[in-house]
Structure formats: structure tokens, C-alpha cells
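Q: Please find the sequence and the predicted model below.
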Amino acid sequence: MFESSIARYLKKHGHPNIALKATLFDMDGVLFNSMPYHADAWHTVMERHGLHLSREEAYLHEGRTGAATINLVYQRQYGCNATPELIESIYDEKSREFNNHPEPERMPGAWEVLQKIKSEGLTPVLVTGSGQHSLLDRLAHNFPDIFDRDHMVTAFDVKYGKPNPEPYLMGLTKAGVQANQAIVVENAPIGVQAGVAAGIFTVAVNTGPLDGKVLTDAGADLLFPSMQAFCDNWEQLRKELKMTE
């Protein structure tokens, strides 16, 4: 079922196999159904500052650090960089706006597939562009005994956010694995680009309003319509990955 996608990846990167030891997960839109809240918060706060970022466009920038998103929109409108003080102010305001929304729920299928992954002895790694402590703190509550701090990459850990490969390369380092010993699970085109640029087999889950083609065009090796579909197909994907070993 997934054999051709795996074969294309192996040929492209010159690997003999995918000897899976770790799974690298984005957070918003993959583990939590939080992107609608993020998109609304970004739009609302940007408008307050005379900056224009629609809710729809916010999905396209998902995965960037908050500072990078703010500066991108500011440069587009004013042709220069926003000051560090303004960036910090807008991001703090955006975080407060986000926290005014109800607590985001776990994405259907996320807990179940993480249980399967953990039971196999694989290492789950969080790789997020978020720096919001509120969401990071919810991980322990919503996904108990799954992630530990030594296997988390956040906005505070990297110089360059997604689509730069640095976050996922750091995820590999924290897991102590090579690129062909991991897979990436992403829902955003920028995140997919980062995973692919890091040389990792990248699975896209289309949990938002974007056309799935946006994710395949970004380079996704596999595309699922939801996290639940990824969960339901985990055993088959795992079986076909093992066949390469």
C-alpha cells in the first residue's frame, strides 16, 4: 500500500532502509486541534496593529516561529524589519489572545497512535515552532508518559524555524538517531518542507482547510486525510517500513 512511497524515498536519499527508532511529531494541528484558535488569534492581533494576516493565510505560515511570522507580515507591508521590541509585544499579545479560547482538544487518533508507537519501544519526539508555555504544559496532561523534556524541540531551541530543517535535525540529535531511523508527522506545508529538507521520511496529515495538494507539493512522502487515518493505517505502514530493514 505504501511500498512505492517508501521506495521513492530510499532511492532519493540513497538509504538501504528505514530502520525506525523515533517518530518526530509537530504539535499544533497534529497532536492538538489548536490551529483554528491560533489562526483566529493571529488574525485578531495583527489587525489591531494594522497588519494584515487572514485566518486562511495563518495556516500557510503554521510551523514558523512567532517572531518569523510577525516579521514576514511586517516586511511585506512596510519593507523593513519589525523591531525586536515590537515582535515581542505582538507575540505576547497573540499568546494572551490564544489563551482566551477554550483549551484545545487532542486531535482524534493522536493519543491512540502514540500509544502504539510507545508500546513498540520507539521514541516520540516533539518538534514544534511554538514557544507558548501553555500548550507545552498541556502535553503532560493530555499525553501522559509520552513526551519528556529531553525529547522536545521548541521555538526556544532553534535559531532557524521551519521551513529550515534545523528543528527536525535537532529532533534527530535529541533522539540519537539518523535521518533514515525516523519519520516526521506534520500537517503544515512549511513543516513538511522542514522534514523533507532534513532528509526524513515525512508523513502529512491534512487536518486543516488546505488542499491536500499543498502538502504533497511541499514534498510529503505520504498523505493522510486525518490523524485518525494515520492511526488506522499505522500497522500497515509499520509493516512495510520493517520490510526494508
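A: Cool, the structure landed.

Q: ok, now how distant is Thr69 from Leu60?
A: Distance, Thr69 to Leu60, using C-beta to C-beta, to the nearest Å: 10 Å. Every residue, glycine included, has its C-beta placed from N, CA and C.

Q: And these two? Which one has more around it.
A: Ranked by neighbour count (other C-beta atoms under 10 Å), Thr69 and Leu60 place Thr69 first, with 25 against 16.

Q: How much space separates the more buried one from Asp221?
A: Computed as C-beta to C-beta, the Thr69 to Asp221 distance reads 26 Å.

Q: which helices and strands sit right next to the least confident helix or strand in the chain by mean pLDDT?
A: Across the helices and strands of the chain, mean confidence by mean pLDDT, DSSP states H and E is lowest for helix 133-142: a mean of 79. Applying 3 or more C-beta pairs under 8 Å, 6 or more residues apart in numbering; DSSP states H and E, one finds that helix 133-142 contacts helix 84-99.

Q: the inter-axis angle of the helix it packs on versus helix 133-142?
A: Relative orientation of helix 84-99 and helix 133-142, computed by axes from the mean of the first three to the mean of the last three C-alpha atoms, to 10 degrees: 40 degrees.

Q: what sits up against helix 84-99?
A: Here helix 84-99 makes contact (C-beta atoms under 8 Å, 6 or more residues apart in numbering) with 37-38, 40-42, 44-46, 48-49, 51, 66-67, 70-71, 74, 82, 131-132, 134.

Q: show me where the protein has helices.
A: 3-13, 35-48, 55-60, 66-78, 84-99, 110-119, 133-142, 166-175, 189-197, 212-217, 227-232, 234-242 (DSSP state H).

Q: got the angle between the fifth one and helix 35-48?
A: So that's helix 84-99. 140 degrees.

Q: Quick one: distance of helix 84-99 to the chain centre.
A: Remark: helix 84-99 is offset 21 Å from the chain centroid, using C-alpha atoms, centre = their mean, to the nearest Å.
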